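Asks: Sequence and predicted structure are below.
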Amino acid sequence: MEPFLLVLQFLADPYNLFIIAAGTLVGLIVGALPGLGSVILIALMLPFVVRMDPTTGIALCAIVYCATTYGGSITAILINTPGTPAAAMTTFDGFPMAQKGEAGRALGIATFSSAIGGILGILVMIVATPLLARVAYHFGPAEFFALAVFGMSMLASISGNSMVKNFIGGAFGLLLATVGTDLTTGIERFTFGQADLYEGIAVVQIMIGIFAGGELLRQATQTKVKRELVAEGVTKLPSLQDFKAIWRTVLRATGIGTFIGILPAEGGKVAAMIAYNEEMRWSKHKDQFGKGAIEGLAAPEAANNAATGGTMVPTLALGIPGGGSTAIILTAMLILGLRPGPALFAEQPDLLAGIFGAMLGANICFLIYGMVGAKFFSRITLIPTTILWPCVICLAALGAFSLQQSMFDVGVMVFFAILGFFLNRHGFAPAPIVMGLILGELIETSLKQSYLIYDGNLWAILQQPIALVFLLLSVVGICGPLIAKALGAWRANQAALPTGNDE
Amino acid sequence: MPLSKQITGALAGLALAAAAAPALAEGFPDGPIEVINNSKPGGGSDIFLRFATERAGEILGGDFLHLSKTGGVATNTLKYAAGKPADGQTLFIVNAGTALTMMRGTVDLTRDDIIPLVRGTVDPEFVVVKAGRFADAAEFIDYVQNNSVKQAGTKVGGNPHVSALIFRNALEMQNQVYVPFEKSGEIIINVINGNVDVALLNFDEFESQAKAGQVEALAILTPERSANSPDIPTGHEVGMPVDIEVVRGIGVLKGTPEPVIAKLEAALIQSMNSEGYLEYLAGSGQDARSIAGREVFGAQFDRMYDGYQAVAKELMGG
């Protein structure tokens, strides 16, 4: 009980509540801006944070980390532009809902799922951080390879399009992930001697291009088509029925998000991808995914927010950062003289209570901001497309530029905007491309690392128990529906067959 | 032209230059000073530069703008800097990556075209292995000389890879398999779970796990023991005669007027001696001894450059 009491004590201090309210607001705005995210914001804050009282400073970092993750969903839903890579999956069902005139409902569901995912993730952290952190020790390249394969096992059916088109899209995503200097060989691939491509193409620019740019061009072809959106419908918040429909989804996705967050891998974006996949895999109405399914919106949002709590687990308990943002938080802790690790829990209970309390407070705070703001934010979709989309593309270009202050990056965004438009016209959905892009790098890198570790014997991957479980799950995931379908057809056939007593 | 006129002209020129020099420094900085780094925002070099220049703005009376130009180790950083005038308005990161990039010839700049102005960090590398895996450094050396060794680091061709090759040569390893990872967190996990045998890490990268009894440092690769880990012997003491450190500093283009260089050097050193920067150094177990001016840093950068030449051929696939 003691940790919970300390957390409540932290939250009872008005100064801490002010820090939570202000930090959440700033994080929310930065998260919503395409291209900017928690890494940049925490890096900018660092010189100020290390002058603060250690608990307040680290708590502030944790607050903006939570809030930016949620903030990414706002623009993903309203203007098809993921504010952060972790919000890419949010566009799949969030934007179609906004287009149907349900922006308020979509924002409400995203806010609710994000907050519940975030809060549950933190509660798990409070109870079991030292225990959970040890999971990270068991994840080497073989396990990451199997996890990424498991993620890719939904490729065939990730979008409602043809299986072949999904495979082509996935392969294209994989190809994009190979651009740049190879981690394991140091050899440049597909850079064409262009120094700006040495580090590969940033996922953010591809996503801003394909999603926002592609949508702008699509809208440009439909300026004569009149869309009638009723303000009342647009700003309507989710009903109790909606919450009842998604609570199981939120719980499942929170579990997935917390688990993947704990692993020192890609954090939120991989968590959101896998949560979306699993929700679709087990859904009874798969055909609705990508067209505005509320479960398809709730799953990635709950997962990526739960992952923020998850990534803090190894950071605090092992001193091993789970992602870019937590790496900077770790730096701040070291500068402030705090030494993360197993001893931290015994030596600094107040600090941990501050971090947990701040994250909890941030989630509750953005739940309030989000639910109140949804009514106002959703009105953005009522702006005539001829005004809205040129503004969006300016914002998107600014986002692409801001990462490295590079016009080359803006060019990359424009290229992918045009490409996204044509892919869309020819029936290629963005989901498989994003899947290949996000998981492709992880698959390739972990496979090559495994090759080096196991002296070229890749069968050794199957000898790793965790890897084997994920690979078996992948096989079940791919073959299960096919077998079930064949079994169903066989049963139907059997039932239709005339029996001997009929005559 | 008669000789007397030439001499008069030269003297007049020198006098003009001398008169202009303080004026140049007085007019400096003329607008914001750009600081270019080769890591992403929030990366090690970015954070170092933000802390190092934090007070310099007040001291010089101007703003510092931080830009990340990643790609090709330090290729894009140096390309950007080379395209700017040599007036001190553009500073850039000087580290092992800078040396490596110039040595590879991916940019037009050479060692003679830059001035390593101030040094900010000297973060020593430790030889880190799984706790209990080797009885002592002698057993480790015996193992690596008679077995194939898996050593973890980051991207192939980058600074840690170079360090690994230098380490391999110093220990006369039988065979080193370099296993690259994206982040230091992954490296330490793979040391703990036994996927790799050894890694070279900075103190703050392994301290928590050492305290938890998961890993241990066999040696610190510096001439002297460190104040924050006095029990860890130096490599020289235990048969690993090599010094490997993560050195970071700030440089300007050669051709920058001397008064501007002097003003920048003084301001940056003053900025780094502030409480905030010293706390930043203490975070990784360093102190004010890491801070140095252009004379010391220039000589150290030359040594780094020469050390890399020894493994350059192999690194570049030659």
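Replies: Cool, the structure landed. Residues are numbered from 1 along each chain as shown, chains lettered A, B, ... in the order given.

Asks: roughly how far apart are the one residue in the stretch 201-318 of chain B that gets nearest to chain A and A:P432?
Replies: Ranked by C-beta to the nearest C-beta, the top residue of the stretch 201-318 of chain B for proximity to chain A is B:S208, at 2.8 Å. Heads up, the C-betas are built off the backbone N, CA and C, glycines and all. With the distance defined as C-beta to C-beta, to the nearest Å, B:S208 ends up 40 Å from A:P432.

Asks: What of A:I168?
Replies: In terms of C-beta to C-beta, A:I168 sits 8 Å off from A:P432.

Asks: For the residue in the stretch 101-250 of chain A that chain B sits nearest to, what are phi and psi?
Replies: Among the residues of the stretch 101-250 of chain A, A:G186 lies nearest to chain B; the distance is 3.2 Å by C-beta to the nearest C-beta. Recorded main-chain torsions at A:G186 are phi 80, psi 10, according to degrees, to the nearest 10.

Asks: Hmm, it is touching B:P160, no?
Replies: No: under the contact definition of C-beta atoms under 8 Å, A:G186 does not touch B:P160, with a separation of 11.9 Å.

Asks: For the two, indicate the residue with more neighbours.
Replies: Here A:G186 and B:P160 are set side by side on neighbour count (other C-beta atoms under 10 Å in any protein chain shown), and the busier one is B:P160, at 26 against 18.

Asks: Any buried residues in the helix or strand where the more buried one lies, and which?
Replies: Here B:P160 sits within helix B:159-171, counting by DSSP states H and E. Neighbour counts over helix B:159-171 (16 or more other C-beta atoms under 10 Å in any protein chain shown) mark B:159-168, B:170-171 as buried.

Asks: Check stretch A:472-480 too.
Replies: Buried residues in stretch A:472-480, counting neighbours by 16+ other C-beta under 10 Å, are found at A:473-474, A:477-478.

Asks: Nearest to A:M52 among those?
Replies: Minimum separation from A:M52 among these (C-beta to C-beta) is found for A:L473, which lies at 44.7 Å.

Asks: Pull up the gap between the residue in the stretch 301-450 of chain A that chain B sits nearest to and A:L6, please.
Replies: Closest approach between the stretch 301-450 of chain A and chain B, counting by C-beta to the nearest C-beta: A:G319, at 2.8 Å. Distance of A:G319 to A:L6, given as C-beta to C-beta: 21 Å.

Asks: Looking at these two, which has the bigger crowd around it?
Replies: The residue with more neighbours, out of A:G319 and A:L6, is A:G319; 27 against 19, by other C-beta under 10 Å.

Asks: check contacts around the more buried one.
Replies: With contact taken as C-beta atoms under 8 Å, 6 or more residues apart in numbering or on different chains, A:G319 is in contact with A:330, A:339-341, B:207-209.

Asks: Let's see which of these end up in helices.
Replies: Secondary structure of the contacts of A:G319 is defined by DSSP state H; positions in helices are A:330, B:207-209.

Asks: Tell me the secondary structure at B:V252.
Replies: Reducing the assignment at B:V252 to three states with DSSP: H, G, I helix; E, B strand; the rest coil gives strand.

Asks: what bridges to it?
Replies: With DSSP bridges as the criterion, the beta-bridge partners of B:V252 are B:I115.

Asks: And for it, the neighbour number?
Replies: Neighbouring residues of B:V252 were enumerated by other C-beta under 10 Å; the total is 26.

Asks: just how off-centre is the one helix or strand A:I328 maps to within its chain?
Replies: Using DSSP H and E, A:I328 sits in helix A:324-335. Relative to the mean C-alpha coordinate of its chain, helix A:324-335 is positioned 21 Å out (C-alpha atoms, centre = their mean, to the nearest Å).

Asks: try stretch A:200-208
Replies: Mean C-alpha position of stretch A:200-208 versus that of the full chain (C-alpha atoms, centre = their mean) differs by 15 Å.

Asks: Could you pick out the residues of the stretch 1-150 of chain A near chain B for me?
Replies: Counting by C-beta under 8 Å from any C-beta of the partner chain, the positions of the stretch 1-150 of chain A adjacent to chain B are A:39-40, A:42-44, A:46-47, A:50-51, A:136-141.

Asks: cutoff 6 Å now
Replies: Along the stretch 1-150 of chain A, the residues adjacent to chain B under the rule C-beta under 6 Å from any C-beta of the partner chain are A:39-40, A:43, A:47, A:137, A:140.

Asks: For PyMOL, write the selection for the buried entries among these.
Replies: What follows is the PyMOL syntax selecting those of those that are buried according to 16+ other C-beta under 10 Å:
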select buried, chain A and resi 39+40+43+47+137+140
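
Asks: Out of the residues of the stretch 1-150 of chain A next to chain B, which sit inside helices?
Replies: Assigned to helices by DSSP H, the following of those qualify: A:39-40, A:43, A:47.

Asks: What are the boundaries of the strands in the stretch 51-200 of chain B?
Replies: Under the criterion DSSP state E, counting those that start in this stretch, the stretch 51-200 of chain B contains strands at B:64-68, B:90-95, B:114-130, B:148-153, B:175-180, B:198-202.

Asks: Give me the contacts around the second one.
Replies: Meaning strand B:90-95. Contact partners of strand B:90-95, identified using C-beta atoms under 6 Å, 6 or more residues apart in numbering or on different chains, comprise B:34-38, B:45, B:77, B:81, B:84, B:116, B:248-252.

Asks: Paired strands for it, with orientation please.
Replies: strand B:33-37 (parallel), strand B:245-253 (antiparallel).

Asks: So what's the model's average confidence on the last one?
Replies: In this model, strand B:245-253 has a mean pLDDT of 94.

Asks: That strand vs helix B:159-171, what angle?
Replies: Here the directions of strand B:245-253 and helix B:159-171 differ by 130 degrees (axes from the mean of the first three to the mean of the last three C-alpha atoms, to 10 degrees).

Asks: Tell me the first helix or strand C-terminal of strand B:245-253.
Replies: Proceeding N to C from strand B:245-253, the next assigned helix or strand is helix B:258-272, under DSSP H and E.

Asks: Any buried residues in the helix or strand following that next one, and which?
Replies: Per DSSP H and E, the first helix or strand lying C-terminal to helix B:258-272 is helix B:275-283. Using 16+ other C-beta under 10 Å as the test for burial, helix B:275-283 gives B:276-283.

Asks: by contact count, what packs against helix B:275-283?
Replies: Helix B:275-283 is packed against helix A:324-335, with contacts defined by 3 or more C-beta pairs under 6 Å, 6 or more residues apart in numbering or on different chains; DSSP states H and E.

Asks: Show me what the helix it packs on is packed up against.
Replies: Contacting helix A:324-335 under the criterion 3+ C-beta pairs under 6 Å, 6+ apart are the following elements: helix A:38-49, helix A:54-79, helix A:294-318, helix B:275-283.

Asks: okay, that helix in PDB with CA atoms only?
Replies: Coordinates of the C-alpha atoms in helix A:324-335 are reproduced here as PDB (Å, rounded to 0.1, in the frame of the first residue of the first chain):
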ATOM      1  CA  GLY A 324      14.700   7.700 -27.200                       C
ATOM      2  CA  SER A 325      12.700   9.700 -24.700                       C
ATOM      3  CA  THR A 326      13.600   7.500 -21.800                       C
ATOM      4  CA  ALA A 327      17.300   7.700 -22.800                       C
ATOM      5  CA  ILE A 328      17.200  11.500 -22.300                       C
ATOM      6  CA  ILE A 329      15.200  11.000 -19.000                       C
ATOM      7  CA  LEU A 330      18.000   8.700 -17.900                       C
ATOM      8  CA  THR A 331      20.600  11.300 -18.800                       C
ATOM      9  CA  ALA A 332      18.700  13.900 -16.700                       C
ATOM     10  CA  MET A 333      18.600  11.400 -13.800                       C
ATOM     11  CA  LEU A 334      22.300  10.900 -13.900                       C
ATOM     12  CA  ILE A 335      23.000  14.600 -14.100                       C
END
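
Asks: Now do the buried residues in the next helix-or-strand element following that helix.
Replies: Toward the C-terminus, helix A:324-335 is succeeded by helix A:344-347 as the next helix or strand (DSSP H and E). Within helix A:344-347, the residues scored as buried using 16+ other C-beta under 10 Å are A:344-345.
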